[in-house]
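Asks: Pasting the sequence and the predicted model now:
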Amino acid sequence: MNKDELKQITGGLSKPSKMPGFSYNLPATKCITGSKLVKIPGSVCSGCYALKGRYRFPNVKDAMQRRLDSINHPLWIKAMAASILETKTGFFRWHDSGDLQSLEHLKKIFEVCNLTPGIKHWLPTREASIINCIQAEQVPANLIIRLSAHKVDGKAATFWPWTSTVVTSEKTCPAAEQENKCKDCRACWDRNIPNVAYGKH
């Protein structure tokens, strides 16, 4: 498949300015849990960044919808793997906007990770009910799934080994002090770091 064919199948990758590599975003309006949390003051999804700014541009919304629709394409797994390998960046983030849609969706991501063993993948998610259907041992070695807490200053989940929280103090994510960029930090991709605490913004 050439680049045009890959983009046609997958909808194309996204390139958040904060990240050291590429990502893949879906509509935040289609988040299963997030679409409920966004209505709750004090939740991590209240004031969701992916419902504001450039995410509201028609062309961006159209692109995210194309990606969502593409998940069911019979060649999605192979096309995603090929697209990620084309980036040659070494690191990939799943869903800078949006989230897992089903257990089947997650298993497809596992297959993409297995086809890209030289890439470190990070998947943040709030879909605890989906993650609860798997064991940590089933996750490909080059993928870290961080289960996100639902409330600002809330406790991290205890049933999963890798988590993230949003806090008003004692954050561990350095992005706020370095132009809102990861720069040389790779904590989110590191299985040796059980929890990453992001500052509320």
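Replies: Looks like it arrived, so ask away. Numbers count the residues shown, from 1 in each chain.

Asks: burial of residue 93, as a residue count?
Replies: For residue 93, the neighbour count with other CB atoms under 10 Å is 23. To be clear about C-beta, it is placed using only N, CA and C from the backbone, and glycine gets the same treatment.

Asks: so it sits in a strand?
Replies: Yes. Assessed by DSSP: H, G, I helix; E, B strand; the rest coil, residue 93 belongs to a strand.

Asks: quick one: it and residue 119 touch, right?
Replies: No. The criterion here is CB atoms under 8 Å, and residue 93 misses it with residue 119 at 10.8 Å.

Asks: Do a quick rundown of the strands in the protein.
Replies: Along the chain, the stretches classed as strands by DSSP state E are 22-24, 91-94, 120-125, 143-148, 163-167, 195-199.

Asks: possible to save those as a markdown table with distance to residue 42 and mean pLDDT?
Replies: Formatted as a markdown table, the strands of the chain follow (distance: least, CB to CB, whole Å; pLDDT from 0 to 100):
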| stretch | distance to residue 42 | mean pLDDT |
| --- | --- | --- |
| strand 22-24 | 27 | 95 |
| strand 91-94 | 26 | 97 |
| strand 120-125 | 19 | 98 |
| strand 143-148 | 15 | 98 |
| strand 163-167 | 10 | 97 |
| strand 195-199 | 15 | 96 |
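
Asks: Including distance to residue 66, could the ones you listed go into TSV?
Replies: Output for the strands of the chain, formatted as TSV (distance: least, CB to CB, whole Å):
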stretch	distance to residue 66
strand 22-24	11
strand 91-94	16
strand 120-125	20
strand 143-148	24
strand 163-167	28
strand 195-199	28
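
Asks: how close does residue 73 get to residue 116?
Replies: The gap separating residue 73 from residue 116 is 18 Å, by CB to CB, to the nearest Å.

Asks: Mind checking which of the two has more residues around it?
Replies: residue 116 (21 against 15).

Asks: residues in contact with the more buried one?
Replies: Contacts for residue 116 (CB atoms under 8 Å, 6 or more residues apart in numbering) come out as 81, 84-85, 92, 142.
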